[in-house]
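Colleague: structure, please.
(4 chains)
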There are 2 protein chains.
Amino acid sequence: MTTTPTADWLRLDQQICFSLNAASRAFGGVYRVVLKDLGLTYPQYLVMLVLWEHGDLPVKKLGEHLRLDSGTLSPLLKRLEAAGLVRRERSARDERSVEVRLTEEGTALRERALQVPRRIATATGFDVDEIRELRARLDQLTEALDAAAVEETPGQGA
Amino acid sequence: MTTTPTADWLRLDQQICFSLNAASRAFGGVYRVVLKDLGLTYPQYLVMLVLWEHGDLPVKKLGEHLRLDSGTLSPLLKRLEAAGLVRRERSARDERSVEVRLTEEGTALRERALQVPRRIATATGFDVDEIRELRARLDQLTEALDAAAVEETPGQGA
DNA sequence: CACAATTCAATTGCACACAACTAAATGGCG
DNA sequence: CGCCATTTAGTTGTGTGCAATTGAATTGTG
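Modeller: Residues are numbered from 1 along each chain as shown, chains lettered A, B, ... in the order given. The predicted structure is shown next:
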């Protein structure tokens, strides 16, 4: 029991949260550089990726793919619309819903985006298998953290 | 060479950046819950960790530890000061520099923070060794990304 | 059909990140 | 000493991220 004094936990904690934070921001930094040509921010690029892969989607579905709510997506989508990459149209069937549709320009941008992943992959210095393993580990982490957050939120014990 | 069609790169890329993003935000979510008691946000907690470990520091040094610039730190430190956890004092030796000093209250908060890391570690579902390995991998990633960002920034080839 | 609960997007308020800029202070150099 | 490049914080502007609220539309129930 003397192997891990309580005070040392603070340092361990510091290091794991630092590492994740740093990696996340370092990733953002590389994307920022690479995406500059496309006129996209990193979150905007994520939105475009989802649209390119899944086609037109309501804001809600988009948010589920990206784990983002309307508070983040609404202004972001307005910027994409202002940039001429998407249109937002109220659904005829359900007027609460807003369909996000790629414009011609938005669809065309995909061609130029095809070069992005290779540049990012190169920047990581990881090969495909290493990336795959890291991704698995991170997904596992996310799942555990989400489950824990739900349990912590109400009242800890109940 | 036909193993990885270009279009598939978009999906691979999507998954690694999604995973890191998701893990980072899930982490933030758990910290948000756990730190609520202490009245700290996640970035504020990181600042306090550095101060607890290294003692009083100028803003510059703080930023080096956290990879943050004054644009982020200045308002954050003002909030910590407003909360009574730190004082900001112009250095006598170098008046450009601002020393960030823990108050009694800020020092005392450390005792209550000691329980945080264990709650976080528990939430991850990882043991110490797994955390250590993940951290090593993330640090390796960060280092590679930072190096790549520097090379990408100027003009790609120069 | 009326009405309450739910769903969905948008808005508001707050707190990071980061680029670009400003302004004060320092240090080196002739 | 006077001048200039550098260092250091702070400020401004843009863009997320998220909690909380609002308001319109839909659904379930009687």
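Colleague: helix/strand/coil for A:Ala144?
Modeller: Following DSSP: H, G, I helix; E, B strand; the rest coil, the label given to A:Ala144 is helix.
Colleague: what's the nearest residue to it if we skip its chain neighbours?
Modeller: Residue nearest to A:Ala144 in three dimensions, not counting chain neighbours: B:Gly125, with 3.7 Å by Cβ to Cβ, 6 or more residues apart in numbering or on different chains. For the C-beta atoms, the positions are set from N, CA and C on the backbone; glycine is no exception.
Colleague: which residue is the nearest non-sequential neighbour of A:Leu80?
Modeller: A:Val86 (4.7 Å).
Colleague: pretty sure that neighbour is in contact with A:Leu102, am I right?
Modeller: Yes - here A:Val86 reaches A:Leu102: they are 5.9 Å apart, a contact under Cβ atoms under 8 Å.
Colleague: shared neighbours, the two?
Modeller: When contacts are counted by Cβ atoms under 8 Å, 6 or more residues apart in numbering or on different chains, A:Val86 and A:Leu102 are jointly contacted by A:Leu51.
Colleague: look up phi and psi at A:Glu89.
Modeller: Backbone dihedrals for A:Glu89, given as degrees, to the nearest 10, come out at phi -130, psi 130.
Colleague: the residue nearest to A:Leu80: neighbour count?
Modeller: Neighbour count for A:Val86, taken as other Cβ atoms under 10 Å in any protein chain shown: 25.
Colleague: residue contacts, it?
Modeller: Contact partners of A:Val86, counting by Cβ under 8 Å, 6+ apart, are A:Leu51, A:Leu77, A:Leu80, A:Val100, A:Arg101, A:Leu102, A:Thr103, A:Gly106.
Colleague: figure out the helix or strand that the third one lives in.
Modeller: Assignment of secondary structure by DSSP states H and E places A:Leu80 within helix A:70-82.
Colleague: cool, and the fifth one?
Modeller: A:Arg101 is part of strand A:98-102 when elements are defined by DSSP H and E.
Colleague: pull out the buried positions in the helix or strand that contains A:Ser19.
Modeller: For A:Ser19, the host element (DSSP H and E) is helix A:6-35. Neighbour-count burial for helix A:6-35 flags A:9-10, A:12-24, A:26-35 (criterion: 16 or more other Cβ atoms under 10 Å in any protein chain shown).
Colleague: and stretch A:136-152, by the same measure?
Modeller: So for stretch A:136-152, counting by 16+ other Cβ under 10 Å, buried means A:Arg137, A:Leu138, A:Asp139, A:Gln140, A:Leu141, A:Thr142, A:Ala144, A:Leu145, A:Asp146, A:Ala148, A:Ala149, A:Glu152.
Colleague: quick one: is it near DNA strand D?
Modeller: No - interface with DNA strand D: stretch A:136-152 contributes nothing (Cβ under 7 Å from any atom of the strand), its closest point being 8.5 Å away.
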